[in-house]
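>>> model this:
(chains A, B and C)
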Amino acid sequence: MLQEKTSLDIYNYLINQDLLFTDELLWWPNSGTFEVVIGALLTQNTTWKNVEKSLSNLDGFLTLDSFITLDEQRLKDMIKPSGFYNQKAPRLLALANNIHQEFISFDVFKDKVSRQWLLNQKGVGEETADSILCYGCFRDEMVVDTYTKRLLKKFGIEFKKYQDYKTFLDIGVRDHFKKNLNMIFIRYHAMIVEYNKLNS
DNA sequence: GGCCAGGTGTAAA
DNA sequence: TTTACACATGGC
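Below you'll find the model as predicted:
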């Protein structure tokens, strides 16, 4: 009889792969800052390499207060390397302005924002919302991306909906670890991405 | 040159 | 509720 793997089995499998990073908190650059919001939108259907070019262009404008001073055309020019700039620029500016208007500072945003508030923002879907919550706000939210789906498929696990993937990944490790879930989710997702990079 | 990348919004069936 | 398509640059 075929026994299906649990999310904890896959987590432990990845732990045993000896992936090359020492501190999972550093895996998403400048996690816990507004920069994660920018990166999360820019990386949509885009390689992180291209996002890095844009982030580099945005040097000096990576805080909430400085970012909202940019005008749309200038932002488009700066984020050109990461593609879809005609839609990403206005969406990023609207999001940043909404954060500023609703929460005043990014620190308050980190503390108070809800997943639903993020999902109501144009340009923020489920993965982007979870990336912002997990890496930007250090909340206990697991991120599901193409790497995740690809890895699970190797184990014969497939779902139709994002939420089904998320629930599958969440339950097993949540029940096992019970505490420090944000760190576990960060480590889990980071390992999935690194594993894919090494095996592709 | 073709294909894909740490997706999302919209329109149409 | 599901499916199809546009969005755009850069790396391989």
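>>> Is residue A:102 inside a helix or a strand, and which specific one?
Taking DSSP states H and E as the definition, residue A:102 sits inside helix A:85-103.
>>> Is any residue of that helix near DNA strand C?
Yes - under the criterion of C-beta under 7 Å from any atom of the strand, DNA strand C is reached by helix A:85-103 at A:85-88. For the C-beta atoms, the positions are set from N, CA and C on the backbone; glycine is no exception.
>>> Nearest to DNA strand B, out of those: which one, please.
Comparing the residues of helix A:85-103 next to DNA strand C against DNA strand B with C-beta to the nearest atom of the strand places residue A:87 closest, at 6.9 Å.
>>> So what's the residue count around the closest one?
By the measure other C-beta atoms under 10 Å, the count of residues near residue A:87 is 14.
>>> okay but it is in contact with residue A:123, surely?
Yes - with contact defined as C-beta atoms under 8 Å, residue A:87 counts as touching residue A:123 (7.1 Å).
>>> contacting residues for residue A:11?
A:172-173, A:184, A:188, A:191 (C-beta atoms under 8 Å, 6 or more residues apart in numbering).
>>> what does chain A have sitting close to DNA strand C?
Counting by C-beta under 7 Å from any atom of the strand, the residues of chain A lying close to DNA strand C are A:45-47, A:49-50, A:53, A:80-88, A:160-161.
>>> now those: which count as buried?
Neighbour-count burial (16 or more other C-beta atoms under 10 Å) is assigned, among those, to A:46, A:50, A:80-85, A:88.
>>> Burial check on residue A:200, number of neighbours?
7.
>>> ranking the contacts of residue A:11 by neighbours, who comes first?
The residue in the contacts of residue A:11 with the most neighbours, by other C-beta under 10 Å, is residue A:188 (24 neighbours).
>>> which residue sits closest to that one, ignoring its sequence neighbours?
In space, and not counting its chain neighbours, residue A:188 is closest to residue A:11: 5.5 Å by C-beta to C-beta, 6 or more residues apart in numbering.
>>> Next SSE downstream of the helix or strand where that neighbour lies?
Using DSSP H and E, the secondary-structure element containing residue A:11 is helix A:7-15. Moving toward the C-terminus from helix A:7-15, the next helix or strand (DSSP H and E) is helix A:35-42.
>>> Which phi and psi values does residue A:114 adopt?
Reported as degrees, to the nearest 10, the phi and psi values for residue A:114 are phi -110, psi 160.
>>> got a pLDDT number for it?
You'll see residue A:114 listed with a pLDDT of 98.
>>> ok, it - how many residues close by?
Residue A:114 sits with 11 neighbouring residues when counted by other C-beta under 10 Å.
>>> My read is that residue A:14 contacts residue A:190, right?
No - in terms of C-beta under 8 Å, residue A:14 does not count as a neighbour of residue A:190; the distance is 9.4 Å.
>>> The closest residue to residue A:123 other than its chain neighbours: what's it in contact with?
Once its chain neighbours are removed from consideration, residue A:123 has its nearest residue in residue A:91; the separation is 3.2 Å (C-beta to C-beta, 6+ apart). Residue A:91 sits next to A:41, A:121-123 when contact means C-beta under 8 Å, 6+ apart.
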